[in-house]
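*Asks:* Next comes the sequence, and after it the predicted model I'd like to discuss.
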Amino acid sequence: MKMIRLGVICPSEIAMRRFMPELAALEGFQFVGIGVCTEEERFGDKGSEVSEEVKKSTLKAQYQKAAQFVETYGGKIFEGYEAISTSSEIDALYIPLPPSLHFKWAKRALESNKHVLVEKPATIASETTREMVELAREKGRALHENYMFVYHDQLKAIDDIVQSGEIGDVRLYRITFGFPRRAINDFRYNKELGGGALMDAGGYTIKYAATLLGESAKIAYAQMNYIDNFEVDLFGSGAIINREGITAQIAFGMDNQYKCDLEVWGSKGCLMTGRILTAPTGFVPEITINKGSIEEVRKLPSDNTFRKSILKFQECITNSSVRENNYNEILKQAELIDEFIKTAKGSF
């Protein structure tokens, strides 16, 4: 198999802490380098509003992070996102930028015949996601949205229990994902950067609900909640239903007590578990099954979801049918998020 020469567009925390160690452990990839933004790419039209001191310190800090990448993993520093997105030295690009920047740089990379692995959400609107998918399809390039949790073996183990009939017929799924408020400068609280609870935590719950309910999944009701002094939604809830009438209730937020739970309510019992969307490498999940007055705790498989997501990206590069299925999954997710937003706007 041909070696895939890969670049990373930004020295982000997730790229350094999670992506690069897994990439280094895999065969078939060669890390070529890390891209740092130029002053124009970072500040754009607002550059005149930013002091020279802030500009210099921001770019210097970024360059120092990039230098750490190169010191640890080799490769070189590309001066500018444009430079790395169009470089003939790379075949594939990993994009861990804030959501509103995904479309611009994924499109640029695809136009330059690069395969693209982009952090979730792929873009912040279904129309731009569709344009990105159509461009990838036209170019015959892989496009992969990095929702890692869907590859965890615990999901299959839970599916097997449900399908076995042990807890009877499913009456309801309930998926919750939320975390405490982060630093105010976190991009998740910046509307311009594609922030908001729906785009972050909510996307996970919608993705998992659609996985459980299948192709006919659609939004039944939706709510997005705001509080003073924030321009983005901080928490929300909703329900997704399929043509068989099975419902998944979802709740999400980024101003919440931490929860990352799944509950499956059946006609004969209930199944509950935590860390369903964020189980780290080596973590051994557990489920609790209640049937009448009997409660049982069982261990589920541990897994390495980031590595498996990169392997799925590799498979998309080499297998056109897998690539096409991936396009459709990305589009379905984008359409459900758009549907959620429209439904929430019309709820009152």
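*Replies:* Sure thing, it's come through. Numbers count the residues shown, from 1 in each chain.
*Asks:* List the contacts of Q154.
*Replies:* T273, I276, A279, P285, L300, P301, D303 (Cβ atoms under 8 Å, 6 or more residues apart in numbering). Where C-beta positions appear, they are placed from N, C-alpha and C, glycine not excepted.
*Asks:* ok, those vs D200, which is closest?
*Replies:* I276 (16.2 Å; Cβ to Cβ).
*Asks:* Tell me if I am right that that closest one is in a helix.
*Replies:* No - the assignment for I276 (DSSP: H, G, I helix; E, B strand; the rest coil) gives coil, which keeps it out of a helix.
*Asks:* secondary structure element for the spatially closest residue to it that is not a sequence neighbour?
*Replies:* In this structure, I276 finds its nearest non-sequential neighbour in L262, 4.2 Å apart by Cβ to Cβ, 6 or more residues apart in numbering. Using DSSP states H and E, the element containing L262 is strand 259-266.
*Asks:* what's the answer for T72, then?
*Replies:* helix 52-73.
*Asks:* same question, F177
*Replies:* strand 170-178.
*Asks:* Report all helices and strands that that strand contacts.
*Replies:* On a contact count with 3 or more Cβ pairs under 8 Å, 6 or more residues apart in numbering; DSSP states H and E, strand 170-178 meets helix 203-213, strand 247-253, strand 259-266.
*Asks:* Sheet-wise, list the partners of the shortest one with their directions.
*Replies:* Within its sheet, and counting by DSSP bridges, strand 247-253 is paired with strand 170-178 (parallel), strand 235-241 (antiparallel).
*Asks:* what does the longest one contact?
*Replies:* By Cβ under 8 Å, 6+ apart, the residues outside strand 170-178 that reach it are 162, 197, 201-202, 204-205, 208-209, 212-213, 235, 246-267, 276-278.
*Asks:* secondary structure element for T281?
*Replies:* Counting by DSSP H and E, there is no helix or strand that carries T281.
*Asks:* isn't it right up against S309?
*Replies:* No - contact criterion Cβ atoms under 8 Å: T281 and S309 do not qualify, at 11.9 Å.
*Asks:* What is the helix holding T72 packed up against?
*Replies:* Looks like helix 52-73 contacts helix 20-24, strand 29-36, helix 39-43, strand 76-79 (3+ Cβ pairs under 8 Å, 6+ apart).
*Asks:* again, only this time at 10 Å
*Replies:* Taking 3 or more Cβ pairs under 10 Å, 6 or more residues apart in numbering; DSSP states H and E as contact, the helices and strands that helix 52-73 lies on are strand 4-8, helix 20-24, strand 29-36, helix 39-43, strand 76-79.
*Asks:* What is the distance between that helix and the centre of its chain?
*Replies:* Relative to the centre of its chain, helix 52-73 is centred 25 Å away, using Cα atoms, centre = their mean, to the nearest Å.
*Asks:* What does the pLDDT read for M1?
*Replies:* For M1, the model assigns a pLDDT of 63.
*Asks:* Could you do the one 3 residues further on as well?
*Replies:* In this model, I4 is scored at 97, pLDDT.
*Asks:* Report the beta-bridge partner residues of it.
*Replies:* Residues in beta-bridge contact with I4 (DSSP bridges): F29.
*Asks:* what about it, how many residues close to it?
*Replies:* Counted by other Cβ atoms under 10 Å, the residues lying close to I4 total 19.
*Asks:* cool, A106 as well?
*Replies:* Neighbour tally, A106, other Cβ under 10 Å: 27.
*Asks:* how close does N190 get to R307?
*Replies:* 30 Å (Cβ to Cβ, to the nearest Å).
*Asks:* circling back: what subset of the contacts of Q154 is buried?
*Replies:* T273, I276, A279, P285, L300, D303 (16 or more other Cβ atoms under 10 Å).
*Asks:* could I get the residues you listed as CSV with secondary structure, distance to L135 and pLDDT?
*Replies:* Supplementary listing: those in CSV, determined by DSSP: H, G, I helix; E, B strand; the rest coil; distance: Cβ to Cβ, whole Å; pLDDT from 0 to 100:
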residue, secondary structure, distance to L135, pLDDT
T273, strand, 39, 97
I276, coil, 33, 97
A279, coil, 33, 96
P285, coil, 38, 97
L300, coil, 39, 97
D303, coil, 32, 97
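*Asks:* can you give me the strands in the stretch 51-200 of the chain?
*Replies:* Per DSSP state E, counting those that start in this stretch, the stretch 51-200 of the chain carries strands over the ranges 76-79, 92-95, 115-118, 143-145, 170-178.
*Asks:* Name the residues of the second one that come out as buried.
*Replies:* If you call a residue buried by 16+ other Cβ under 10 Å, then strand 92-95 has these buried ones: A92, L93, Y94, I95.
*Asks:* now do stretch 246-263
*Replies:* Buried residues in stretch 246-263, counted by 16+ other Cβ under 10 Å: 246-256, 259-263.
*Asks:* With that, I have no additional questions.
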